[in-house]
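Trainee: Generate coordinates for the sequence data below:
(chains A and B)
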Amino acid sequence: MEVTKETLLGFYETMVTIRTFEEKAMELFAAGYIPGFVHLYIGEEAVATGVCANLTERDFITSTHRGHGHLIAKGGKIDLMMAELMGKVTGYCKGKGGSMHIADVDLGILGANGIVGAGQPIAAGAAFACKYKKQDNVCVCFFGDGASNRGTFHEALNLASIFKLPVIYVCENNLYGISNCQRDHMNVSDISDRAASYGIPGVSVDGNDVMAVYEAAAEAVKRARKGEGPSMIECKTWRHRGHFEGDPGIYKNAKEQEAWIKKDPIIKLEKKLVEYEYAAEDELNAIKDAAKERIEAAVEFAKNSPDPEPEDVLRDVYAD
Amino acid sequence: MKTMTYVEALRDGMRFEMNKDPNVYLAGEDVGIFGGCFGQTAGLYQEFGPERVIDTPITETAIIGHAVGAAASGLRPIVEIMFIDFTGVCMDEILNQATKMRYMFGGKAKVPMVIRTPCGAGVGAAAQHSQSLEAFFTHIPGIKVVMPSVAADARGLMIAAIRDDNPVMYIEHKGLLGVEGEVPEGDVVVPLGKADIKKEGSDVTIVAWSAMVGKAMNAAASLEKEGISAEVLDPRTLKPLDIDSILSSVAKTGKLVIVHEANKTGGFGGEIAALVADQGFDYLNAPIKRVTAPDSPVPFSPVLEKAYVPGEEKIIAAVKELFA
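Mentor: Next comes the predicted model:
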């Protein structure tokens, strides 16, 4: 697949934005600005970026507890995200959801989700709506290796398959379900093998190679738009941080961690950009600096935003 | 007005809305050619076709889960869970997804979906096909709970439930499906959250819903002969609850008996009793009584099942205790 300089630089910008957002969230959490739980996407940026580059605003995604990257890649507004992380009334969910529940239905983002595997049937439903309305939009469901063991996985993929729904199941296999490593929680090494039992295509790709992810997703999205049904893509990747901030990750082997850090998706892309002579180092630095500036502005917006009023607790329980 | 059975009426409510709104569709196990386990959807497949009346696999989690996604993306699904007992299988999709999405997203999502499901004992179906689990759902903020007792309400509440922009549990009682009643035709809605006085009376208020309304009516007729005038109030929807109508009735009668088929502990009768004790204590001149099933699973043997389901004699006895 021919990919232009602009496309690759666009990927780079998105991945750097996600990384910078996450590093800032890490810092703000440690400093006490963010209540609750924060699950960082650092190390997995190529997956959301490569997949969402194939989507438009009319397409849907379902996200996970580790959702910041998906939201940014799908066009989510970082100032509203940052404000939500801090529980502010200006945040995406008016401070009612927090990191694990950010959504932007207008952008087709049907929410991060605090229940592992819950997005799988919801994604089938959004894809059902696309098909029911005879439109060519699609839904992407992001989920982890751990979520592929849930019953929702089986029921959703079976339903999507028999109804031929335009949905792409993207497994972000970061090799650990919290502390439980893949070899201890399933007896297959390629999770994409599971697609066969639903009669749908399944492929495994290097999830730290944004081009590989982009190409696999392009194929699956094309198939879905043409009405040929669902697909599954397994992206093998690695989270650099613990399951949540505060988890020291003692269950991970230090050598394994070191090896994966060397395969950092952003460094990988930087090498490619320089090798292709698409960008010099100072141009890449300029992209990084611009991302930092945008994130700082989002942090300022969030910090200066008001908290919700106590009486807001009863608002939005029901639609009128 | 037209004479219809309860099941015909609830089906007619679905048909009315499906004709009116192309975004309404029906999905569930055996709702297509088979017409539903109790015939609730009979003929709809032929009328609306396989794109709008959809047979799913045996897959409760995906039935509810897909409906959440479809509703959040602009459709108005009616999904059937074949027996309310099976909601245990898909509880996350009700408890953590359908009912939480709007709130968690700061009011920026709508999840207009109806979960239709039969409840109730009396057909020899034992512990996993007979329960009355409404109180599970009334405890969840974000959902509405509807329990019609007569054909007219079955139709009017169905139309209201489908038009509502929130998840609605529409709980139909198996024992009522074949019961006939007069049903208004056309665009006639029974609003959610509005109680109905099924029989006026002045000496005691009997609050009952679903299949217990008929039993309360029979009990009230017997009591009338003994000089006790009972008012039978059917809340019709438990959530939102028309507590004002209950309080007005109790203000008039001074006595309250609550009847439900669900077992007692943690049942919705306790909630009504607490509300009346809190907001209507001065109206009461006797303790609040509850007539419910015992705290056991629903038994199989017809003898045991009869002992389990609250009957007229238990309602009559509870009322008479208040006049002793």
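Trainee: only C-alpha atoms for contact and neighbour calcs from this point on.
Mentor: Will do.
Trainee: Next to chain B, which bits of the stretch 1-150 of chain A? Give me the list.
Mentor: Proximity of the stretch 1-150 of chain A to chain B (C-alpha under 8 Å from any C-alpha of the partner chain) is limited to residues A:92-97, A:101-105, A:110-111, A:115, A:118, A:121-129, A:132.
Trainee: quick one: the helices in chain B?
Mentor: B:6-20, B:44-48, B:60-72, B:91-92, B:101-104, B:134-138, B:151-163, B:211-225, B:243-253, B:268-279, B:302-308, B:312-322 (DSSP state H).
Trainee: Out of the ones you listed, which is the most enclosed?
Mentor: helix B:60-72 (a mean of 30; mean count of other C-alpha atoms under 10 Å in any protein chain shown).
Trainee: which residues sit against that helix?
Mentor: A:105, A:110, A:118, A:121-129, A:152, A:155-156, A:159, B:27-28, B:56, B:76-77, B:79, B:81, B:86-87, B:89-91, B:93-94, B:97-98, B:109-113, B:115 (C-alpha atoms under 8 Å, 6 or more residues apart in numbering or on different chains).
Trainee: Then stretch A:73-83?
Mentor: Here stretch A:73-83 makes contact (C-alpha under 8 Å, 6+ apart) with A:14, A:18, A:21, A:48-49, A:52-53, A:55, A:57, A:72, A:89-92, A:95, A:99, A:102, A:104, A:107, A:109, A:295, A:297-299, A:301-303, A:305.
Trainee: out of those residues, which are buried?
Mentor: The neighbour count (16 or more other C-alpha atoms under 10 Å in any protein chain shown) marks A:14, A:18, A:21, A:48-49, A:52-53, A:55, A:72, A:89-92, A:95, A:99, A:102, A:104, A:107, A:109, A:295, A:298-299, A:301-302, A:305 as buried among the contacts of stretch A:73-83.
Trainee: mind listing what's buried in whichever strand or helix holds A:Ala160?
Mentor: Using DSSP states H and E, A:Ala160 sits in helix A:151-162. Neighbour-count burial for helix A:151-162 flags A:152-161 (criterion: 16+ other C-alpha under 10 Å).
Trainee: Which ones, among those residues, also lie beside chain B?
Mentor: Among the buried residues of helix A:151-162, the ones lying near chain B by C-alpha under 8 Å from any C-alpha are A:152, A:155-156, A:159.
Trainee: so how far is chain A from B:Phe268?
Mentor: Going from B:Phe268 to chain A by C-alpha to the nearest C-alpha, to the nearest Å gives 20 Å.
Trainee: can you check B:Ile81 too?
Mentor: Applying C-alpha to the nearest C-alpha to B:Ile81 and chain A gives a distance of 15 Å.
Trainee: which residues of the stretch 1-150 of chain B fall in strands?
Mentor: Secondary structure of the stretch 1-150 of chain B by DSSP state E, counting those that start in this stretch: the strands cover B:2-5, B:24-28, B:53-55, B:76-80, B:114-119, B:144-146.
Trainee: ditto for the stretch 1-150 of chain A
Mentor: Secondary structure of the stretch 1-150 of chain A (DSSP E, counting those that start in this stretch): strands located at A:60-62, A:139-144.
Trainee: what pLDDT, on average, does the shortest one get?
Mentor: Confidence over strand A:60-62 (mean pLDDT, whole number) is 98.
Trainee: Whichever of the residues of the stretch 1-150 of chain A next to chain B count as buried, I'd like them selected in ChimeraX; how would that read?
Mentor: The following ChimeraX line selects those of these that are buried, judged by 16+ other C-alpha under 10 Å:
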select /A:92,93,94,95,96,97,101,102,103,104,105,110,111,118,121,122,123,124,125,126,127,128,129,132
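Trainee: So which of the residues of the stretch 1-150 of chain A next to chain B belong to helices?
Mentor: Using DSSP H, the subset of the residues of the stretch 1-150 of chain A next to chain B located in helices is A:121-129, A:132.
Trainee: List the contacts of the residue of the stretch 101-250 of chain B at minimum distance from chain A.
Mentor: Taking C-alpha to the nearest C-alpha, chain A has its nearest neighbour within the stretch 101-250 of chain B at B:Gly106, 3.8 Å off. The contact partners of B:Gly106, by C-alpha under 8 Å, 6+ apart, come to A:92-97, A:316.
Trainee: and with 6 Å instead?
Mentor: A:93-94, A:96 (C-alpha atoms under 6 Å, 6 or more residues apart in numbering or on different chains).
Trainee: same deal with B:Leu157?
Mentor: Here B:Leu157 is in contact with B:Val190 (criterion: C-alpha under 6 Å, 6+ apart).
Trainee: Report the separation between it and B:Ala195.
Mentor: 12 Å (C-alpha to C-alpha, to the nearest Å).
Trainee: Next: B:Pro297.
Mentor: B:Pro297 is 29 Å from B:Ala195, by C-alpha to C-alpha.
Trainee: The helices of chain B: which one's closest to B:Gly181?
Mentor: Evaluated over the helices of chain B, closeness to B:Gly181 peaks at helix B:151-163, with 5.3 Å, by C-alpha to C-alpha.
Trainee: relative orientation of that closest one and strand B:114-119 in degrees?
Mentor: Relative orientation of helix B:151-163 versus strand B:114-119 (axes from the mean of the first three to the mean of the last three C-alpha atoms, to 10 degrees): 140 degrees.
Trainee: can I have helix B:151-163 written out in CSV, keeping just the CAs?
Mentor: Provided in CSV are the C-alpha atoms of helix B:151-163 (Å, rounded to 0.1, in the frame of the first residue of the first chain):
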residue,chain,number,x,y,z
ALA,B,151,-55.1,-5.4,28.2
ALA,B,152,-55.7,-1.7,27.7
ASP,B,153,-52.6,-0.8,29.9
ALA,B,154,-50.6,-3.5,28.1
ARG,B,155,-51.1,-1.6,24.8
GLY,B,156,-50.9,1.9,26.1
LEU,B,157,-47.8,1.3,28.2
MET,B,158,-46.1,-0.5,25.3
ILE,B,159,-46.6,2.6,23.1
ALA,B,160,-45.3,4.9,25.9
ALA,B,161,-42.3,2.6,26.6
ILE,B,162,-41.2,2.5,22.9
ARG,B,163,-41.5,6.3,22.7
